[in-house]
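>>> sequence unknown, structure follows:
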């Protein structure tokens, strides 16, 4: 669902969208409408740091989805840029809450042997949503009028209804339950997740371990400022800064490798740089999403087999080599330039996707 909301590339090239919002030639406004969604995601993720502990994981997801619903309604009914911008920001806030909460909730309620694969599957589902949205906007490019962009946008409510219909009966995080004085409920969930009796030694050990970890965090908690400066009580160092820079730096480098350009602006780039028609430019964008999806599936069987670090380094090397193999911009044959450009973008994004899979899994498995 989050990738469906994020994918705006098929909308910003729609003729009726430009006419309704008076965006012809206003590239800075178009880019603002597109990027404010990411700003909302950032603040939503920051807000989830406190909301997640106060509301619990399930309620955080539900509230994030409610906020996303409000943010989704505004662009659907938009007849002006301000309404579209507000809707994108609100939707981003809801998505930020969900994006920061869902992997944590999944890791806390799943078996250790499944966590890596589940994180990979979660991201593949995001890519599947992106792929579906690109093919839908391509299909609607054969039509004309408001339906070409006003129908694909509300289609996300299909996924919103699925979330509302399923989250309520999913288990709460055992760690959150223990931290908030619900030890019996936590033990039942631990037993159910392992398929064991609540008095089984393994369940008791897991419960005791989580309880001890929660208690240790309470007794040894320090301000963020001291943690980031490495000033812990025992001065032994937990590598917090190094791990933070590794995770955040890897994510930043992924964005600097222009993965969002290929997601949000690939159609625009092809139209402006290569010169195909609006409809023809949408087709390789949709095909690229399939390549994007298939490359991500590589992580599922191999994430536990080869480990995070090895796959991360191999895929980073492959991405670096491919992204520097630029298409022949001097080619006189426009079709040749078009094919070369598309193949390079597909190759680079495939590698970026594989890297992203391992980055997220690295912190969860």
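Perfect, thanks for sending it. Note that the structure is predicted; figures quoted are calculated from it, not measured.

>>> So which residues make contact with stretch 105-118?
Under the contact criterion Cβ atoms under 8 Å, 6 or more residues apart in numbering, stretch 105-118 has outside partners 57-58, 61, 119, 122, 170-176, 189, 193-194, 300, 303-304, 308, 361, 364-365. Quick note: C-beta positions are derived from backbone N, CA and C, even for glycine.

>>> and these, which of them are in helices?
Mapping the contacts of stretch 105-118 onto helices (DSSP state H) picks out 57-58, 61, 119, 122, 174-176, 189, 193-194, 300, 303-304, 308, 361.

>>> of those, closest to residue 219?
Nearest to residue 219 among the ones in helices among the contacts of stretch 105-118: residue 175, at 16.2 Å, using Cβ to Cβ.

>>> Distance of the closest one relative to residue 193?
12 Å (Cβ to Cβ, to the nearest Å).

>>> Check residue 261 too.
Residue 261 is 40 Å from residue 193, by Cβ to Cβ.

>>> got it, and residue 110?
From residue 110 to residue 193 the distance is 7 Å (Cβ to Cβ).

>>> Residue 170 and residue 249: what is the separation?
33 Å.

>>> Can you select the buried ones from the ones in helices among the contacts of stretch 105-118 in ChimeraX?
Selection of buried members from the ones in helices among the contacts of stretch 105-118 for ChimeraX, criterion 16 or more other Cβ atoms under 10 Å:
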select :57,58,61,119,122,174,175,176,189,193,303,304,308,361
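
>>> Give me the secondary structure label for residue 9.
coil (DSSP: H, G, I helix; E, B strand; the rest coil).

>>> if I pick it, what's in contact with it?
134, 137, 263-268, 285.

>>> closest to residue 201 among those residues?
Out of the contacts of residue 9, the member with the shortest distance to residue 201 (by Cβ to Cβ) is residue 263, at 47.7 Å.

>>> Residue 246: neighbouring residues, count only.
15 (other Cβ atoms under 10 Å).

>>> pLDDT (mean, whole number) over the host helix or strand of it?
In the assignment (DSSP states H and E), residue 246 maps to helix 240-256. Average pLDDT, helix 240-256: 74.

>>> buried sites along the next helix or strand after that helix?
Counting by DSSP H and E, the next helix or strand C-terminal to helix 240-256 is helix 259-264. Within helix 259-264, the residues scored as buried using 16+ other Cβ under 10 Å are 259-260, 262-264.

>>> Stretch 276-287 now?
276, 280-287.

>>> Any figure for the gap between residue 208 and residue 278?
61 Å.

>>> actually residue 32, sorry about that
From residue 32 to residue 278 the distance is 22 Å (Cβ to Cβ).

>>> Residue 255 now?
27 Å.

>>> Give the residue spans of this protein that score low on pLDDT.
1-7, 226-240, 257-258, 319, 322-365 (pLDDT under 70).

>>> now the strands: where do they sit in it?
Shown for the chain, no strands are assigned by DSSP state E.

>>> excluding its backbone neighbours, what's nearest residue 282?
residue 138 (4.3 Å; Cβ to Cβ, 6 or more residues apart in numbering).

>>> For the one you found, list the residues it contacts.
Shown in contact with residue 138 (Cβ under 8 Å, 6+ apart): 10, 279, 282-283, 285-286.

>>> returning to that earlier point: out of the buried residues of helix 259-264, who's nearest residue 89?
The closest of those to residue 89 turns out to be residue 264 (Cβ to Cβ; 16.0 Å).

>>> tell me the phi and psi of the residue nearest to the closest one when sequence neighbours are not counted?
Leaving aside its sequence neighbours, residue 264 sits nearest to residue 9 (Cβ to Cβ, 6+ apart; 4.8 Å). Main-chain torsions, residue 9, degrees, to the nearest 10: phi -60, psi -40.
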